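Undergrad: here is my input, please return the structure:
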Amino acid sequence: MADIKELFQSADWKTEKHVPVIEVSDTVNKGEFSRITVSVGKEIAHPNKTEHHIRWISVLFHPAGEKFPYQIAKAEFTAHGESVNGPDTSTVYTHPEVVLNFKTDKPGMIYASSYCNIHGLWQGSKEIKIK
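TA: Residues are numbered from 1 along each chain as shown. Have a look, this model is predicted:
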């Protein structure tokens, strides 16, 4: 049986539509809120259909020198065009993007994971520094 970390896939988000893209300043102000945007399909659009979609995005922050990360957000995307009339028959859709604000006094790594109902788990990361 595979270890869970082996189930996560990663690639360059500029060429792979499943990788969560983390947008935040490389350096954030100590103790001040900073905005983070995490999206899937930034360069290459990911399908958002009943049969193929991103179900959720989770965002964690791992401060330097600490053992465990903190989950700072999780967003579920539950509207993909389905209705009582069948797949892709409604006009209601969600887009796989989450915007949040968080603060820290320590540098560290932001990790984002996403789940595609067809292609599984994907991950991305970005290091932040403190000024």
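Undergrad: how far away from the center of its chain is stretch 60-76?
TA: Mean-position distance between stretch 60-76 and its chain equals 13 Å (Cα atoms, centre = their mean, to the nearest Å).
Undergrad: tell me the mean pLDDT for it?
TA: Averaging pLDDT along stretch 60-76 yields 98.
Undergrad: list the contacts of the closest residue to Trp122 other than its chain neighbours.
TA: Nearest residue to Trp122, sequence neighbours excluded (Cβ to Cβ, 6 or more residues apart in numbering): His18, at 4.4 Å. C-beta here means a position set from N, CA and C on the backbone, and glycine is covered the same way. By Cβ atoms under 8 Å, 6 or more residues apart in numbering, the contact list for His18 reads 9, 11, 40-41, 46, 54, 114, 116, 119, 122.
Undergrad: do that again at 10 Å, thanks
TA: 9-11, 40-41, 44, 46, 54, 96, 114-116, 118-124 (Cβ atoms under 10 Å, 6 or more residues apart in numbering).
Undergrad: these two touch, right, Cys116 and Val40?
TA: Yes: applying Cβ atoms under 10 Å as the test, Cys116 and Val40 come out as touching, 7.9 Å apart.
Undergrad: quickly list what's touching both of those two.
TA: By Cβ under 10 Å, 6+ apart, Cys116 and Val40 have these common neighbours: 17-18, 46, 53-54, 96, 122.
Undergrad: and which of those residues is nearest Asp3?
TA: Nearest to Asp3 among those is Trp122, at 16.7 Å by Cβ to Cβ.
Undergrad: and that closest one, how far from Lys131?
TA: Trp122 is 30 Å from Lys131, where distance means Cβ to Cβ, to the nearest Å.
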